[in-house]
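In: Here is a sequence together with a model predicted from it:
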Amino acid sequence: MTVKPSFPALVTATSLLTLPVLALGQNDNDTEALDPIIVTATLGPKTVGESLSSVTVIEKDDIRRQQPAEFRDLLDAQPGVNVVSDGSYGKTTSVFLRGAGSSGTVLLLDGIRLRSATAGIPPWQFLPPELMERVELVRGAKSSLYGADAVGGVIQAFTLEPEAGRQGWAELSGGSHETLETTAGVAGREGQSAFLAGGVYSDTEGTSLRAGGEDKGFRNAGGLAKISHEFRQGGGAGLTVFQSEGNTEFEGGDTDFLIRAMGLYLEAVASDYWRTRIQFSEARDEQDTFGSFPSTFDTLSRSARWENTLTAGVHELVLGSEVVIDEVDGSSDFLENSRSNSAVFGQGRLNFDATDLMLSLRLDDNEAYGKDETGGVALGHQLDRAHRLRLSYATSFRAPTFNDLYLTVPFYTGNPDLDAEEGQMIEAGFTGRYDHWYWDIALYQNDVKDLITFVSDPVTFEGTMENVETARIRGIEVSSGIETADWNLAAAVTYADTENRDSGARLPRRAEKNVRLDVDRLFAQWSVGASFIAESDRYNDAANTSLLPGYGTVDIRTAWNFQPGWSASLKVDNLLDRRYATSRGNDSVTFEPFDYLAAGRTFMASVRYDFQQ
């Protein structure tokens, strides 16, 4: 049985979320706004309101309370987010942010970009949530800040940070499908220096990905090491090394994977008006697949980024440059196996009392597909201490991948003459942030042209990629949250209308409507919570002939601090044991379609010890 949320239900939920807007609109609030500092939406730290962007922040306490089995569990049905996966436990995962394609969302890890330059998709399924401290979801075109592929937005995960003094932790977990997991780490901060080393190992037999199929397992070993030093005169230096390595099984074979990110930064205060920062990074995405269709695809990306922040009173100007070199290798033939991208960019952040103005411009020059200029302008106005209006316009582009441009395999040849996809997004938002709670409403439209699409000859079946289609994506996002000493609540409702303007069809794999509600009740020594997620139906194919029904799930959780430093937790996912799928595949032998089934009811129990000195 599946649950398909109706449009009236979504309207009702939206009305419930906006009732406080009407009530508080009659009474000015004198308390300080709950407005966290973020760094992804702009080139520098700003509050969510000052960023003039639609942002969702998932804090460390949220991650600990929600006890996510996979990183994607944190993203599911957040405002503007659709997550599609070929089953549970480390299976291929795509994230559609504001309706943009699966390669139209940028994933950053501590400022380091993670992606496969061959497929163009970030490795969402291989990020261990146990090593993450904070996640920022920035919705809206951000190519003028981050370059290619920031069509729908940017998601940045921040790894664990050491606290003052010395600390250590160890956790042992076990649950359904013979799942075992261990996590441990040490960290410390003394004076101006800090360090952290942590790791996680998980192993599960997994679940069947199709009706009547065999269980498909997943094994992952993740590690994180960080060291940093802050200069007394301002700025600092630091090194981060992250790695996730293991094996995931799927229908027809299995894949050995390695994801590695290394970043070194140096930040200095040159004067009272000038701060400079440079970062060198390297990211690897290596996947060896065995089975019916064996393959090897390895990506190595090296980058250097230099940012200079100039201040004049309340105004800021950021100027910078970036060089990225991508290299690919594998079992398939590529006409080219490397390319470089050079960019210069700038952002002006201007404040005029209650009005903020933000301007951004970037020029990318890629040796593979040429030059792209992107820009953005955003205007915000503070109505009073709690309420703010914002308007923005920005352009974006998605770069063709190495597979699009250069891959040569039977019945497919890359097209080196491809242009980048180009998007134009306009957005209007209205928000209220108070002492213990907030609400936000955003409306947007994104027009994308020159969509890169697979085209094949009906006689020879030979295919290639071409720029042949346009799309229009528009929607509304409503979110609200409450945080008190006893309660934590977060609610989100999204409606997105995605249309291929050439065929009139909905864009594949995007649900039109989704709802998420997280509720946690906090007591002195323990807590209880639940999450409800519902999504409407979606088409699995561009022709809109393969429909996947909508669904709804309920997760429950509890945690208990039973001794100083000791805690235990229990989570039950998909409590009602709903049977659902977000993607559909074809049998490698019979070519018959089948649904990639998500796991049914599962549980996970943990015991953890935290040491603090």
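Out: Right, received. Where do you want to start?

In: what's the neighbour count on residue 230?
Out: Using other C-beta atoms under 10 Å, residue 230 has 16 neighbouring residues. Using the backbone N, CA and C atoms, a C-beta is placed for each residue, glycine as well.

In: Quickly list what it is bridged to.
Out: Residue 230 has these beta-bridge partners by DSSP bridges: residue 236.

In: remind me which residues of this structure are low pLDDT?
Out: Applying pLDDT under 70 to the chain picks out residues 1-34.

In: Spatially central residue for it, please.
Out: Geometric centre of the chain, nearest residue: residue 155, 3.7 Å, by C-alpha atoms, centre = their mean.

In: Work out for me the element that residue sits within.
Out: Counting by DSSP states H and E, the secondary-structure element that holds residue 155 is strand 153-159.

In: Provide the strand pairings for the following helix or strand past that strand, with the direction of each partner.
Out: Scanning forward in sequence from strand 153-159, with DSSP H and E defining helices and strands, the next element found is strand 165-175. Strands adjacent to strand 165-175 in the sheet, as given by DSSP bridges, are strand 179-190 (antiparallel), strand 602-612 (antiparallel).

In: List the buried residues for strand 165-175?
Out: Of the residues in strand 165-175, those buried by neighbour count under the rule 16 or more other C-beta atoms under 10 Å are 167, 168, 169, 171, 173, 175.

In: repeat for stretch 517-526
Out: By 16+ other C-beta under 10 Å, the buried positions in stretch 517-526 come out as 517, 518, 520, 522.

In: could you dump it to CSV, C-alpha only?
Out: Listed in CSV are the C-alpha atoms of stretch 517-526, where the atom choice follows Å, rounded to 0.1, in the frame of the first residue of the first chain:
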residue,chain,number,x,y,z
LEU,A,517,7.6,17.2,9.4
ASP,A,518,10.2,16.6,12.1
VAL,A,519,9.0,16.7,15.8
ASP,A,520,11.2,16.0,18.8
ARG,A,521,10.3,16.3,22.5
LEU,A,522,13.2,16.9,24.8
PHE,A,523,13.3,15.9,28.5
ALA,A,524,16.1,16.2,31.1
GLN,A,525,17.8,12.8,30.3
TRP,A,526,16.0,11.5,27.2
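
In: got a list of contacts for that stretch?
Out: Outside stretch 517-526, the residues within contact range by C-beta atoms under 8 Å, 6 or more residues apart in numbering are 62, 65-66, 485-492, 527-532, 558-562.

In: So what's the gap between stretch 304-313 and the chain middle?
Out: For stretch 304-313, the gap between its own C-alpha mean and the chain's C-alpha mean amounts to 26 Å (C-alpha atoms, centre = their mean, to the nearest Å).

In: Can you list the buried residues in that stretch?
Out: Across stretch 304-313, burial judged by 16+ other C-beta under 10 Å covers 305, 307, 308, 309, 310.

In: Please name the residues that touch the fourth one.
Out: Each residue near residue 309 by C-beta under 8 Å, 6+ apart is listed here: 43, 44, 274, 275, 276, 277, 316, 317, 318.

In: And the nearest residue to it once chain neighbours are set aside, how close does it get to residue 156?
Out: The shortest distance from residue 309 to any residue that is not its chain neighbour, by C-beta to C-beta, 6 or more residues apart in numbering, is 4.5 Å, and that residue is residue 275. Using C-beta to C-beta, to the nearest Å, one obtains 20 Å as the distance from residue 275 to residue 156.

In: Then residue 551?
Out: To residue 156, residue 551 is 28 Å away according to C-beta to C-beta.

In: Residue 296 too?
Out: Separation of residue 296 from residue 156 (C-beta to C-beta) stands at 29 Å.
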